[in-house]
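*Asks:* The following comprises the amino acid sequence and a computationally predicted model.
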Amino acid sequence: MEFRGFFRRMTALAMAVLLVFSTVYAQEKNVGETKPEKAKYVFLFIGDGMGLAHVFLTEAYLAQKDGKISNTPLGFAKFPVMGVATTYSASNIITCSSAAATALASGYKANNGTVGIYPADSIPLTQISYKLKELGYKIGIMTSVTIDHATPAGFYAHSKKRGNYFEIAMQLPESGFDFFGGGGFQGTRDKERKDAAEQIYNKVSEYGYTVALGVDEYKAKKSGAGKIILLQDGKKRRDSSLRPVIGRKDGELTLAQVVGSAIDFLYEPDGKGFFIMCEGGQIDWEAHSNNAPGVITETIDFDKAISVAYEFYKQHPEETLIVVTADHETGGLALGREKGYTFDLTVFNDAINGTATEEKNAQNYLTKEVIDTLNKKARIGWSTKSHTGIPVPVFAIGAGSRMFAGQIDNTDIPKNIMKAMDATPLYTDHYYKRKAVFDMDSPITENDIVFLGNSLTEGGKWETYFPDVQKALQKKGGAIRNRGIVGDTFGGIDARLDQILPGHPKKIFFLTGANDVSHNLTADSIANGIINVVRRIKKESPNTKIYLQSLLPINESFKRYRLLTGKTAMFSEINAKLEKMAKEEKVTFINLYPLMLTNGPADLALPASEQVLRPEITRDGLHITQEGYKIWADAIRKYVK
């Protein structure tokens with residue numbers, strides 16, 4: 001049959017891309033003129049191995065089944081924004097699933113075979129899911145395959161080998177994410193550990209997770225669960241992937257049910273919001289086998305899961321963003337084979353409907369030989385049983401969806417999600433490179449003094465401010481060590497204390513908080529987060545003298561940091577809380593704040609909203625010049641000595 005609908009869709013896609021490119025460009029030139037949409041509820045759907053051809057194959061089948069020379073669009077294919085994303089990894093032009101998942105989760109390319117690892121220095125990357133959890137959002141991760149497989153693992157795990165399923169499974173509960181669902185743990189079948197399943201589920205329990213086997217058990221347990229993992233009913237299938245559509249029995253868990261349960265568990269009318277990643281993992285498996293009927297049924301099943309999110313979107317259209325994409329294309333699928341202008345997908349009916357023969361069920365019917373014969377009869381072509389390097393489709397609807405139009409890279413997807421949520425961007429190359437430098441540097445020792453914090457700390461030349469102290473420390477094999485990183489937060493600092501605390505440094509001067517304020521956290525949550533870092537230092541390095549330094553004031557008149565607009569007063573509020581908590585923890589609190597005000601401590605008599613950073617010691621209203629560092633150094637000199 002002639003497939004006019006396919007060409008119409010391709011032409012429409014090209015026109016849409018050109019139109020939205022011009023629209024986005026025009027919007028970028030008028031930044032700040034209108035308030036951008038803000039997504040509170042975000043769904044990222046990843047069809048593993050799902051290329052444009054897989055989508056159109058499914059749509060063509062649905063149309064031809066009804067005797068039409070056309071296409072019957074899937075629900076997500078009707079979303080108003082369309083684009084394409086390149087998928088190459090850091091090591092290969094053709095990506096694997098784990099490297100692609102890392103890119104989609106962190107905004108960074110990774111080497112094939114690795115999960116959540118920065119390629120240059122093997123440093124763990126910070127995924128979007130962790131950043132959003134730190135900001136107070138609920139997090140849900142789900143898939144139709146096992147939950148420790150490459151794509152879901154990319155959103156919570158860090159491993160140099162994607163096949164280390166046990167290691168990855170043991171990291172899942174450590175994430176603290178609120179909801180996991182789908183297939184169980186591949187890691188329970190670890191050949192080197194007879195008690196692998198026991199270890200994994202003991203850790204799941206230890207970290208406060210409730211395990212629900214099936215939707216009925218989920219409904220019974222959800223009210224008493226703080227965090228939950230929804231798996232299949234029955235221990236025999238608990239740690240298997242969800243049953244493929246072809247061969248699925250009535251009552252067995254579906255991906256759509258998992259998504260519905262996740263929304264039910266994560267949604268709070270007055271809450272911060274949520275982020276859900278859902279993978280349709282078995283599209284890829286069917287494409288690896290060049291199994292067109294399997295691709296069709298799994299893509300339809302994936303669409304059903306997305307439709308659940310779409311129903312939620314219709315209730316919250318101004319606050320919801322749905323993005324649908326793929327990690328890569330699998331199979332090199334072509335709609336057409338050899339010569340001619342026809343293909344006939346109705347030859348797949350028996351396999352899809354489970355009516356192949358009386359003596360063979362549909363799953364057994366799809367042996368390699370029969371699949372090849374069916375593909376030839378249907379005139380469907382495949383170029384490989386592996387992945388290809390062709391860009392993958394992106395479909396989007398809702399708040400911030402326009403950012404996903406046109407040609408983008410897969411690393412742009414998590415970055416654009418963060419923009420849509422009006423959240424602080426993901427960490428930069430500088431962050432990971434500096435963290436790598438710390439790893440390569442000589443270990444921290446008990447003769448070191450550490451300055452720990454964000455860009456304000458990194459900008460200080462601490463060893464030059466205290467040359468006598470530096471010389472004295474060096475005689476004992478120590479030094480003043482700068483451990484500040486631009487953009488860091490109390491959560492990020494806590495995550496890298498392992499680089500510092502094993503050495504039990506002599507003193508730590510700790511300052512952070514400005515980036516946390518830009519994340520829209522409350523003063524209480526920021527103060528508590530900072531004090532929790534202090535408590536960890538006390539616990540793991542009890543002989544280290546801790547100096548908790550106040551946040552510095554800001555000056556909004558420079559208009560450089562949109563996410564800090566209207567938050568001047570918060571800095572004073574946080575400092576008051578920190579000073580009180582430091583006293584309770586018996587930690588020295590150094591109040592730098594009044595020293596940096598326009599008129600010094602005298603400005604404390606002003607309303608907190610009018611207490612601003614001296615304009616002569618800053619160039620952007622947040623960071624300070626060397627004159628500002630001189631004030632800082634003089635204030636702490638007696639403590640450094």
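*Replies:* In hand now; what should we look at?
*Asks:* mind giving me the domain ranges of the chain?
*Replies:* According to automatic domain parsing, the chain comprises the domains 4-29+41-420, 429-640.
*Asks:* mind giving me TSV with the ones you listed and columns for mean neighbour count and mean pLDDT?
*Replies:* Quick note: C-beta positions are derived from backbone N, CA and C, even for glycine. Formatted as TSV, the domains of the chain follow (neighbours: other C-beta atoms under 10 Å; pLDDT from 0 to 100):
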stretch	mean neighbour count	mean pLDDT
domain 4-29+41-420	20	90
domain 429-640	18	95
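*Asks:* The stretch 51-200 of the chain: strands as residue ranges?
*Replies:* For the stretch 51-200 of the chain, the strands defined by DSSP state E, counting those that start in this stretch cover 81-86, 117-118, 123-124, 138-146, 179-183.
*Asks:* nope, the stretch 201-350 of the chain is what I meant
*Replies:* Ranges of strands in the stretch 201-350 of the chain, per DSSP E, counting those that start in this stretch, are 209-213, 227-231, 274-280, 320-325, 329-330, 333-335.
*Asks:* Tabulate these in a markdown table, adding columns for distance to residue 169.
*Replies:* A markdown table is the format used below for the strands of the stretch 201-350 of the chain (distance: least, C-beta to C-beta, whole Å):
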| stretch | distance to residue 169 |
| --- | --- |
| strand 209-213 | 12 |
| strand 227-231 | 11 |
| strand 274-280 | 16 |
| strand 320-325 | 26 |
| strand 329-330 | 25 |
| strand 333-335 | 32 |
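*Asks:* Identify the residues contacting residue 511.
*Replies:* Contacts for residue 511 (C-beta atoms under 8 Å, 6 or more residues apart in numbering) come out as 452, 453, 454, 456, 457, 548, 549, 550, 551, 552, 592.
*Asks:* my read: the fourth one touches residue 514, true?
*Replies:* Yes. In this structure, residue 456 sits in contact with residue 514. The criterion is C-beta atoms under 8 Å, and the distance is 7.2 Å.
*Asks:* Which neighbours do those two have in common?
*Replies:* Residues touching both residue 456 and residue 514 by C-beta under 8 Å, 6+ apart: residue 552.
*Asks:* related to what we said a few turns ago, now render the strands of the stretch 51-200 of the chain as JSON lines, adding distance to residue 212.
*Replies:* Below are these laid out as JSON lines (distance: least, C-beta to C-beta, whole Å):
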{"stretch": "strand 81-86", "distance to residue 212": "34"}
{"stretch": "strand 117-118", "distance to residue 212": "32"}
{"stretch": "strand 123-124", "distance to residue 212": "30"}
{"stretch": "strand 138-146", "distance to residue 212": "13"}
{"stretch": "strand 179-183", "distance to residue 212": "9"}
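*Asks:* Of all the ones you listed, which one is nearest residue 380?
*Replies:* Between residue 380 and those, the shortest separation by C-beta to C-beta is 22.0 Å, and it involves strand 81-86.
*Asks:* Sheet partners, orientation included, of that closest one?
*Replies:* Using DSSP bridges, the strands paired with strand 81-86 are strand 392-398 (antiparallel), strand 406-409 (parallel).
*Asks:* closest one to residue 604 among those strands?
*Replies:* strand 392-398 (45.1 Å).
*Asks:* where do the helices sit along the stretch 251-400 of the chain?
*Replies:* Here the stretch 251-400 of the chain has its helices, by DSSP state H, counting those that start in this stretch, at 255-266, 282-288, 292-315, 349-353, 362-365, 368-378.
*Asks:* Out of those, which is closest to residue 568?
*Replies:* helix 255-266 (33.3 Å).
*Asks:* Tell me which other helices or strands the closest one touches.
*Replies:* strand 138-146, strand 179-183, helix 215-221, strand 227-231, strand 274-280, helix 292-315 (3 or more C-beta pairs under 8 Å, 6 or more residues apart in numbering; DSSP states H and E).
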